[in-house]
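Enquirer: Let me see the structure of the following:
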Amino acid sequence: MQINHRTGAAPTVVERTFGPRKAPQVAPVLVEDTPVPGLVIAPVVRRALLSDGWRFSGEWTVLHAASGLSALGAVGALGHMREAAALLNRPGLDWTRPTSELTASPGVKELLTGLSARVRAAVAESRPAQLRDTSWQVRPPLWVVTLLDSDGKVVETGACRTYTDAESEAVSYGRALDRTAHADWKVEISRGIDPEWELSCAWRPCGDALTDPESGFPFRHPDRAGLVADALEQGWRQLDQRRVLCPVCSDLFTTPLPAY
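Expert: Numbers count the residues shown, from 1 in each chain. Below is the predicted model:
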C-alpha cells in the first residue's frame, strides 16, 4: 500500500458490505475520509451485466465506516457524496456508534429519508443540493475618468471600481499633463449610468466569481448575455436562467453514466 508522503498516513480502507441482503458479501475498499467521524465515501459496486462478477459503476456513496453499510439511500458523483456527508454532520449525532444505536436514535430515520430524497433529486439534475437563489450579483456603476482636450473633446476614458481609484488615476493624468504642452487639457470624474453584473458559482459553499484571466478581478458586464457567454467560454455550466456552476463544481456534480 502506498503511503501518503504529505501526511505520513496510509489511505483508509474499510470492509464494505454489498450485494443482496440475504447473501451479503464483504470486501476491503479504499475510501475517502470525510470531515465527519464515522462517515467515509466509497466507490459503488454493482453486479456486472456482461460477466459473472462485480464492477465499479463510476458512482460514489457515503458509508458508515464501522459497518461498511451505506449511510444514505442515494448514490451519485463525488461532489454529491461530499456534500451529503457534510449535511449528515448534525449536532449530537455520533456516526461512530453502531448502526443499531443510530437507527434507534430519535429523528435519524427521518433525517436519512429526507436527505436521501434531496440528494437523489440533485443527482438526477447533475447539480448540488445546496444552491444559491441566484448566481447574479448586481454591482453599482463604475467611476469614469475622462481626459478632455482644450476643445472639450474626449481624448481617452478609463473605468474604475471605486472613487479612490478614479481619483488616483485622475491625479496621474494631471501630473502627466503638467509635463507636456497640454496643460490646458482637463480631467473629469463621473459616475456611470447603468449598474453592472457579476456571476458567482451557484453552489452555496463555493461562490467563486467569474474572473478575468488577465487581471484576476471578477468580470463585470452591463449585459447579462455577454457575461454568460464569457462564463461558458471558461467552462462554466448553466443550470437555469439564474444559476451557473464554476468548472470545478460542474465536474464534481456531473452525475456519471453507469459503467457496464
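
Enquirer: quick one: low-confidence ranges for this structure?
Expert: 1-10, 19-20, 48-52, 181, 257-260 (pLDDT under 70).

Enquirer: Now for it: which strand has the highest residue count?
Expert: Longest among the strand segments of the chain by residue count, using DSSP state E, is strand 54-64.

Enquirer: buried ones in that one?
Expert: With burial defined by 16 or more other C-beta atoms under 10 Å, the residues of strand 54-64 counted as buried are Arg55, Ser57, Glu59, Trp60, Thr61, Val62, Leu63, His64. In this view, the C-beta of every residue, glycine as well, is placed from N, C-alpha and C.

Enquirer: got the end-to-end distance for stretch 126-142?
Expert: End-to-end distance for stretch 126-142: 36 Å, by C-alpha to C-alpha, to the nearest Å.

Enquirer: brain fart, stretch 197-206
Expert: 18 Å.

Enquirer: ok, back up a step: the longest strand of the chain packs against which elements?
Expert: strand 12-18, strand 39-47, strand 69-70, helix 78-87 (3 or more C-beta pairs under 8 Å, 6 or more residues apart in numbering; DSSP states H and E).

Enquirer: hey, C-alpha coordinates of the following helix or strand past the last one in PDB?
Expert: Remark: after helix 78-87, the chain's next helix or strand is helix 99-104, criterion DSSP states H and E. Below are the C-alpha coordinates for helix 99-104, written out as PDB (Å, rounded to 0.1, in the frame of the first residue of the first chain):
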ATOM      1  CA  THR A  99     -25.900   1.100  13.300                       C
ATOM      2  CA  SER A 100     -28.400  -0.400  15.800                       C
ATOM      3  CA  GLU A 101     -27.900   2.600  18.100                       C
ATOM      4  CA  LEU A 102     -28.000   5.100  15.300                       C
ATOM      5  CA  THR A 103     -31.200   3.800  13.700                       C
ATOM      6  CA  ALA A 104     -32.900   3.800  17.200                       C
END
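
Enquirer: And helix 99-104, how far out from the chain middle?
Expert: Counting by C-alpha atoms, centre = their mean, to the nearest Å, helix 99-104 is centred 33 Å from the centre of its parent chain.

Enquirer: And for the host helix or strand of Val145, what's in contact with it?
Expert: Element membership for Val145, per DSSP H and E: strand 143-148. With contacts defined as C-beta atoms under 8 Å, 6 or more residues apart in numbering, strand 143-148 is touched by 154-163, 165-166, 169-170, 173, 185-192.

Enquirer: Tell me what angle the longest strand of the chain forms with helix 78-87.
Expert: 20 degrees (axes from the mean of the first three to the mean of the last three C-alpha atoms, to 10 degrees).
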